[in-house]
Structure formats: C-alpha cells, structure tokens
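quick one: sequence plus predicted model below, questions after.
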Amino acid sequence: MKHIYHDDSLTLHTDLYQINMTETYWRDGIHNKRAVFELFFRKLPFGNGYAVFAGLEKVIQFIQGFRFSEEDLEYLKNEVGYKEDFLAYLKELRFTGSIRSMKEGELVFGNEPIIRVDAPLAEAQLIETALLNIVNYQTLIATKASRIKQVVGNEVAMEFGTRRAQEMDAAIWGTRAAYLAGFEATSNVRAGKMFGIPVAGTHAHSMVQAYKDEYTAFHKYAESHKDCVFLVDTYDTLRLGVPNAIKVAKELGDKINFIGIRLDSGDLAYLSKEARKLLDKAGFTEAKIYASSDLDEHTIINLKAQGAKIDSWGIGTKLITAYDQAALGAVYKIVTIEEENGHMEDTIKISSNPEKVTTPGMKKVYRIINNTNHHAEGDYIALEDEKLPEKKLRMFHPTHTYINKVVTNFTAKELHEDIFTGGELVYEIPCLEESREYLKQNLDALWDEYKRLMNPEDYPLDLSQKCWDNKMKNIQEVKDKVAAMKE
Ligand SMILES: Nc1ncnc2c1ncn2[C@@H]1O[C@H](COP(=O)(O)OP(=O)(O)OP(=O)(O)O)[C@@H](O)[C@H]1O
Ligand SMILES: O=P(O)(O)OC[C@H]1O[C@H](OP(=O)(O)OP(=O)(O)O)[C@H](O)[C@@H]1O
Ligand SMILES: O=C(O)c1cccnc1
C-alpha cells in the first residue's frame, strides 16, 4: 500500500513547476537574487466597474506558516525524487522578503498591482500559486457580493451558499468575502465562530415534511425557538403556508418573536405582494418577508422592478460559486530582478495581445482624490522612486494616450501598505468590521458612473510618464533583441 502523508503544512500548496524552478535557481546559485513580482488581474469580472480586494488575511497566514514540514520533505524525497542536498536547502527555507499590498476592502481595477512581493527569487516563486489561489477566489466573491449588495440596498442580504460552494474552504472564505462586501449575515455557523459574522437562518422544507403539515411544524418550532421565520412554500404558499404561519403567530402571541416568513419558490414578486397583504390584514404589519431561490443581482433588480415586497434576501449558489464568471484571472508577474552587478534590471513579458504586455519596474499605485468633491479622479501608477507633482498631475490613458486630463487640487493616496518587511509581519491586521467599513468609505468616494451594474464607465487607470516611457523602452529593447537574432 502507498504511504499516506499527513497534511500538516500548506507549503506544498503550490504547482510542481515552482519547486522545479526553485531547484534550477538553487543549483545555479541565483536563488537569492532579489526579485520583484506583482499580482494583478487584467479585466474586471462580471462587467463590473470595480473589484473589491479580499484575501490578504489568508495570504498573511500562509506566509507566516511558510516552511516545509518533515512530512513535506519526506514526500518530496520519496515520491517526487528530489535529492537530499536540495531538500536540505528547502528545509531551512523561510519567507525573508517584503510584501506590500492593498488593504482588504480596497477598490481595485484591471492591471494595477494589488500585491507586490520583493524577495529572494526562490521565495517569491514558491509562494506564487497560493497567493493567486487565495486572491483570485476571495476577490471574485467579494466583487460579486458587492454587486448584489448594491441592488439589495438597505434591505438585508444573507449568505446562504455553503451547501453549493466548491468545497468547505470556499464556503468559509467566500462567506467572509461576502460579509466584507456588505452582506449582513451568513447561515454558516463556523464562519460566524471564526470571523464574528452574525449568523442567521430560518428552517428547511424537511422540517415541514417531517411533521407532515405546516401547522404542526411551525407550532413545534415556535415551542422551541423564540425567533421564528416560517418557510411557507412547501405545499401551497398563499392557501396553506402563509395562513398557517399567521395562525401559529396568533396562537403563540408574545411567547414568540414572529419575525416573518420565507418564500423559496414560485413567482416571488406575486407571492410576496399577496403574502404582504395577508400578513398586514392579520395585523402583522411588522412581519418581514424573506426570499431565496437562485437569486443574484439580476433577479433581485427585476423583482424590485416588479414591486416585490421582500425585506430580506437569502443568496446562495449564484454568489458562492461566482456563477456567471468562474475565475478572476489574476496573474503574478516578475517586473524587475537583480543583476550580477547588484543593480535591479526591469523585465517585461511581451504578448501579441497588447493588453497582456506587462508593465516593467517596481511601482506604486496612487488613488488621485479630488480635494473639492472628495471623489476619485482615477488611479495613477508611478515608478517606485518617482516623486509625484503636488500641484498639477497630467493623467493619460496608457494605450489610447490622446485620452488625457490635467488634475489640480488633489491628494494622491498611496494604496499599498507594508505587510512584511524582511520576513517580519509589520502590518496590524484590521478586524473584518474595519475592512467592511473601509470598503463602504471607498465606495462612497467612487462616482456612481463606475458603480452601475450595466456598462459602467471605464475608471481611469493611468501610468506616469516615466512608467510609460520605461515600458516603451523595455518593449524597444526586446524588439531590438529579436531583430538582432534574425540578422
Ligand atoms: N417574479 C419573478 N421575476 C423574475 N424571476 C423570478 C420571479 N420569481 C422567481 N424568479 C426566479 O426564477 C427562478 C425560478 O426557479 P425555478 O424554475 O427553479 O422554480 P422555483 O419556483 O424556484 O421552484 P423549485 O424551487 O420548486 O424548483 C429563480 O431563479 C427565481 O429567483
Ligand atoms: O437558492 P440559493 O441561492 O442557492 O440559496 C440556497 C438554497 O438552499 C436551500 O435550498 P435546498 O433545496 O438546498 O434546501 P431546502 O429543502 O431547505 O429548500 C434554500 O431553500 C435556498 O433555496
Ligand atoms: O436559513 C435558511 O433559511 C437557509 C440556510 C441555508 C440555505 N438555505 C436556507
């Protein structure tokens, strides 16, 4: 029988090629060359006008736990066949580099570095896969949740997706992303315990079926629970479900807190309006109507347009699986590397698709805030050592350079914070509530034109003149190299 290894570390949560490249660097003696990588996505998901960055807390956990365990090393030796000398190197390896990152709850746009890793080449390479895995998923779900919450508005959005999520970690971190993005509660009790997210819930059809009729089921539930939301659609919503809920609520009176009812199938607009009438007529004007059933921002906006009388929205499958776009597509690209002489040499990846050409060099991202209206004028990417002009900033589109503007009376807010310096965590991780509040502030500072669900305006994301010139210089150098080869 094959030996079973204990899953006692996350360090092998990487692609084999990262370890193979690391071995090449190490055998060649370049593994400790300083290298800088940036993590970014190219295109905003769901046709949205912004994305919500999430994932930093888990990235920090991963980096802090980064070390190959004895079991990892045994596995690499016995099953993959790495040699003892290389394994001895891996055994001592820790993350000693520096990481700068945007904060969770930051609004982020295509092609801007979200996380910047400045580390010995081997270390930067080995953490790539996990960083992408974490950020790709959490940012995607936070963005989807933010779209949904925009439509839900002041009503309540509850995350109900655990049962449909792509496995347990996705449920947990997905619901955290949803809460960060403005959801009010989750049905996942473990997520409540782990992150302090308020937990909420009603009951299932199975309970009604177990008691065979709604009256008995609601009554029994009410005898054992103060707060009651009755699911009214098991047999016939308007003729049986709602009347039974009203009957039990009347019978038990003050003994329970009759919060309301839940609809989970049928025409939610029609049923909610009719149910509202029945509840009001019975005197339960404060009772809330919950709805669930494959909801997302599109159905919710549509239901609202139909005048649906829904107060609380339970959202599962379409949120937690990012149903309409499976992946964010974030990438991790090297932008500069140490040369033999110790100098940093910028590096570029050319593509026949101009949007995929990377932007070389160590960079900083600034949000340019207009001091008069306190809204964002756009983001500005400059080289690390650049000093921004204080009075007048010329911003231009990095591809269509004729689109440009001059901004005056602005504040340039740097979006990256130091997270790790020389391998040490130097960042005070905010609590989830703070990140949630931070996102709210960020959204307030974004013009509505970038926030609408359909066909939002393109948010300006510009390169500084120096950054742009550097990119062009790098492109030209590659072209010259290719031309020289052909000769
Ligand atoms: N008035 C409405 N306008 C637009 N969409 C609606 C309306 N009412 C319900 N929906 C949506 O239509 C879809 C109906 O789903 P489906 O066909 O699976 O039926 P269902 O009524 O939920 O029944 P069941 O849960 O028993 O399968 C859901 O996504 C729901 O959110
Ligand atoms: O529709 P979603 O957005 O995915 O929300 C979660 C769904 O999970 C439950 O259904 P399920 O059929 O699993 O169980 P039930 O018997 O309690 O209805 C619930 O009733 C929702 O419909
Ligand atoms: O509490 C609920 O109503 C609930 C929880 C998870 C999934 N669907 C519904």
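Okay, I see it. Residues are numbered from 1 along each chain as shown. Ligands and ions are numbered 1, 2, ... in the order given.

tell me the pLDDT of the residue in the chain positioned nearest to ligand 2.
Relative to ligand 2, the nearest point of the chain is G316 (2.6 Å; CB to the nearest ligand atom). Quick note: C-beta positions are derived from backbone N, CA and C, even for glycine. G316 is assigned 98 on the pLDDT scale.

could you double-check that it lies in contact with A157?
No - at 11.5 Å, G316 does not count as touching A157 under the criterion of CB atoms under 8 Å.

who's more crowded, these two?
A157 (25 against 21; other CB atoms under 10 Å).

can you spell out which helices and strands pack onto whatever helix or strand M485 lives in?
Per DSSP states H and E, M485 falls inside helix 465-486. Counting contacts by 3 or more CB pairs under 8 Å, 6 or more residues apart in numbering; DSSP states H and E, helix 465-486 packs against strand 376-383.

quick check: phi and psi at the closest residue to R452 other than its chain neighbours.
Leaving aside its chain neighbours, R452 sits nearest to G49 (6.9 Å; criterion: CB to CB, 6 or more residues apart in numbering). G49 has phi and psi values of phi -90, psi -10 when expressed as degrees, to the nearest 10.

so where's the chain shaky on pLDDT?
1 (pLDDT under 70).

ok, now how distant is the residue of it found nearest ligand 3 from ligand 1?
Relative to ligand 3, the nearest point of the chain is G201 (2.9 Å; CB to the nearest ligand atom). From G201 across to ligand 1, the span is 18 Å (CB to the nearest ligand atom, to the nearest Å).

number of residues surrounding that residue?
Using other CB under 10 Å, G201 has 17 neighbouring residues.

residue contacts, it?
Shown in contact with G201 (CB atoms under 8 Å, 6 or more residues apart in numbering): S187.

so it lies in a helix, does it not?
No - checked against DSSP: H, G, I helix; E, B strand; the rest coil, G201 lies outside a helix; its state is coil.

distance of it from A327?
Distance, G201 to A327, by CB to CB, to the nearest Å: 30 Å.

same check on T421?
Counting by CB to CB - T421 and A327 are separated by 32 Å.

the more surrounded of the two?
More crowded of T421 and A327, by other CB under 10 Å: T421, with 14 against 11.

quick one, strands of the stretch 301-450 of the chain?
Taking DSSP state E, counting those that start in this stretch as the test, the strands found in the stretch 301-450 of the chain are 312-315, 331-338, 344-346, 363-370, 376-383, 392-396, 404-408, 410-414, 417-421, 424-425.

reformat these as a markdown table; add distance to A291.
As requested, these are exported to a markdown table (distance: least, CB to CB, whole Å):
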| stretch | distance to A291 |
| --- | --- |
| strand 312-315 | 6 |
| strand 331-338 | 38 |
| strand 344-346 | 53 |
| strand 363-370 | 37 |
| strand 376-383 | 34 |
| strand 392-396 | 44 |
| strand 404-408 | 44 |
| strand 410-414 | 39 |
| strand 417-421 | 40 |
| strand 424-425 | 43 |
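
for the ones you listed, which one sits closest to ligand 1?
Nearest of the strands of the stretch 301-450 of the chain (CB to the nearest ligand atom): strand 312-315, 9.9 Å.

helices and strands around the closest one, which ones?
Applying 3+ CB pairs under 8 Å, 6+ apart, we find strand 312-315 packed against helix 128-152, strand 156-159, strand 288-291.

where does the stretch 301-450 of the chain come near ligand 1, residue by residue?
Taking CB under 6 Å from any ligand atom, the part of the stretch 301-450 of the chain that reaches ligand 1 is made up of 302-303, 306.

near ligand 3, which residues of this protein?
So the chain meets ligand 3 at 160, 187, 201-202, 262, 292, 314, 316 (CB under 6 Å from any ligand atom).

let's go with 8 Å and repeat that
158, 160-163, 187, 200-204, 229, 231, 262, 264, 290, 292, 314, 316 (CB under 8 Å from any ligand atom).

return a PyMOL selection command for the buried portion of those residues.
To isolate the buried members of the residues of the chain next to ligand 3 in PyMOL, using 16 or more other CB atoms under 10 Å:
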select buried, resi 158+160+161+162+187+200+201+202+203+229+231+262+264+290+292+314+316
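
can you lay out the helices and strands packed on strand 312-315 as JSON lines showing distance to K356?
Shown next, in JSON lines, are the helices and strands packed on strand 312-315 (distance: least, CB to CB, whole Å):
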{"stretch": "helix 128-152", "distance to K356": "16"}
{"stretch": "strand 156-159", "distance to K356": "34"}
{"stretch": "strand 288-291", "distance to K356": "42"}
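
among these, which is nearest M454?
Judged by CB to CB, the one of the helices and strands packed on strand 312-315 that comes nearest to M454 is helix 128-152, at 10.6 Å.
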